[in-house]
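Trainee: Sequence and predicted structure, then a few things I'm wondering about:
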Amino acid sequence: FKKDYVDTGKVHFVFRNYPVNTVNHPYSQIAAEAVECVRDTSDAKALQLQNTLFDATTNVEKLTTMKIMDWSKKMGVDIRQCVNDHRKASVIQRDIELGKLYEVPQVPALVVTNRDGAVAFRLVDIYDYKWLAHYIDEAMQYLKDAIAKMYKKIGKPKPLFVFAPSIMSAQLMMNWVDRL
């Protein structure tokens, strides 16, 4: 997936947390916060912890707050204070709200959107690469066709004025304008 879609620039992949706090996954919120705490140090280590956590979910008894902290410490990252203070809870909450906005029914899920957030489709239980590739290609074509149809009907919009937050750099603003 990464080689065929992300590295070629066809898609921009973004991981979002969507903890499912149920009887079967009582530590999912803490696990999500822990990954984000580790991410402050290293994306690679965050991915490593994430993979360890996914592997551990097959055995719920194995996943505890102490175990999560021990795994991160073995990677050379002490996240005790970050996790105990729930410093990343707002990050996780933002991801949950985004999941609700995109109507994510369950996890794992993949939501394919265009740059403006228009949803082409949602997939759940994605485990087969050929199937995934087929639907990504289909979604990309659907979005291209929809945009082309809109441009044909109303023309490509040209902004007269662009309002942006003061923290937005000129280059970032120009990149945004170029997308219009």
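Mentor: Here it is on my side, so go on.
Trainee: Now the helix ranked longest in the chain: average pLDDT?
Mentor: Among the segments of the chain that qualify as a helix by DSSP state H, the longest is helix 129-154. Averaged across helix 129-154, pLDDT comes to 78.
Trainee: Now the residue nearest the centre of the chain. Its backbone dihedrals?
Mentor: The centroid of the chain falls nearest to residue 15 when counting by Cα atoms, centre = their mean (2.3 Å). Phi and psi for residue 15, reported as degrees, to the nearest 10, are phi -90, psi 140.
Trainee: Show the pLDDT at it.
Mentor: Taking residue 15 on its own, its pLDDT is 77.
Trainee: hang on, the earlier thing: other SSEs contacting the longest helix of the chain?
Mentor: strand 109-113, strand 119-124 (3 or more Cβ pairs under 8 Å, 6 or more residues apart in numbering; DSSP states H and E). Quick note: C-beta positions are derived from backbone N, CA and C, even for glycine.
Trainee: how about a cut-off of 7 Å?
Mentor: strand 119-124 (3 or more Cβ pairs under 7 Å, 6 or more residues apart in numbering; DSSP states H and E).
Trainee: In a helix, residue 76, correct?
Mentor: No - Residue 76 is assigned coil when assessed by DSSP: H, G, I helix; E, B strand; the rest coil, not a helix.
Trainee: 888 is where my numbering starts, stick with that
Mentor: Understood, numbering begins at 888; the last thing we discussed is residue 963.
Trainee: so how far is residue 1034 from it?
Mentor: The gap separating residue 963 from residue 1034 is 46 Å, by Cβ to Cβ, to the nearest Å.
Trainee: In terms of neighbours, single out the busier of those two.
Mentor: residue 1034 (14 against 10; other Cβ atoms under 10 Å).
Trainee: which ones are touching residue 974?
Mentor: Counting by Cβ atoms under 7 Å, 6 or more residues apart in numbering, residue 974 makes contact with residue 924.
Trainee: How is it assigned, secondary-structure-wise?
Mentor: Residue 974 ends up coil, using three-state DSSP.
Trainee: Residue 928 too?
Mentor: Looking at residue 928 with three-state DSSP, the answer is coil.
Trainee: re earlier: list the buried ones in the longest helix of the chain?
Mentor: 1022-1023, 1026-1027, 1030 (16 or more other Cβ atoms under 10 Å).
Trainee: got it, and stretch 896-906?
Mentor: 898, 903-906.
Trainee: mind checking how far that stretch is from the chain centre?
Mentor: Counting by Cα atoms, centre = their mean, to the nearest Å, stretch 896-906 is centred 3 Å from the centre of its parent chain.
Trainee: how long is it from one end to the other?
Mentor: 28 Å (Cα to Cα, to the nearest Å).
Trainee: chain center to the longest helix of the chain, what's the gap?
Mentor: The answer for helix 1016-1041 is 20 Å, by Cα atoms, centre = their mean.
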